[in-house]
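Peer 1: I would like the atomic coordinates for the input below:
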Amino acid sequence: MMTNQQRTDAASMAMAAYMQTKGLDGDPSPQSLSETMTDLLTDLRHFAATEEIDFGAAVRMSEYHYDEESH
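Peer 2: Numbers count the residues shown, from 1 in each chain. Predicted coordinates for the structure are as follows:
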């Protein structure tokens, strides 16, 4: 089972890969991590729509998993 630190590290790697893909990693005036997370979630919503995945259900399930993993 992964620790919460390992989960955080995995998320950090995903954010770094997303930033690199979007060309944000070398930007001299980078946007905040909060803005980048919003962009990533928006792009994931577009991906979900294309793949016919219920994004709302995925978010609800992630909330359940987060609550379970945080205790």
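
Peer 1: Okay, helices next: where are they in the chain?
Peer 2: For the chain, the helices defined by DSSP state H cover 4-21, 33-50, 55-69.

Peer 1: counting contacts, what elements does the last one pack onto?
Peer 2: In this structure, helix 55-69 makes packing contacts with helix 33-50, judged by 3 or more CB pairs under 8 Å, 6 or more residues apart in numbering; DSSP states H and E. The way it works is simple: take the backbone N, C-alpha and C, and place the C-beta from them, glycine included.

Peer 1: Check which residues of the helix it packs on are buried.
Peer 2: Buried positions in helix 33-50, judged by neighbour count with 16 or more other CB atoms under 10 Å: 36, 40, 48.

Peer 1: Closest to Thr21 out of the residues you listed?
Peer 2: Leu40 (9.9 Å; CB to CB).

Peer 1: neighbours around the residue lying closest to that closest one once chain neighbours are set aside, how many?
Peer 2: Of all residues not flanking Leu40 in the chain, Tyr18 sits nearest, at 5.1 Å (CB to CB, 6 or more residues apart in numbering). By the measure other CB atoms under 10 Å, the count of residues near Tyr18 is 17.

Peer 1: shaky segments in this structure?
Peer 2: 28-29 (pLDDT under 70).
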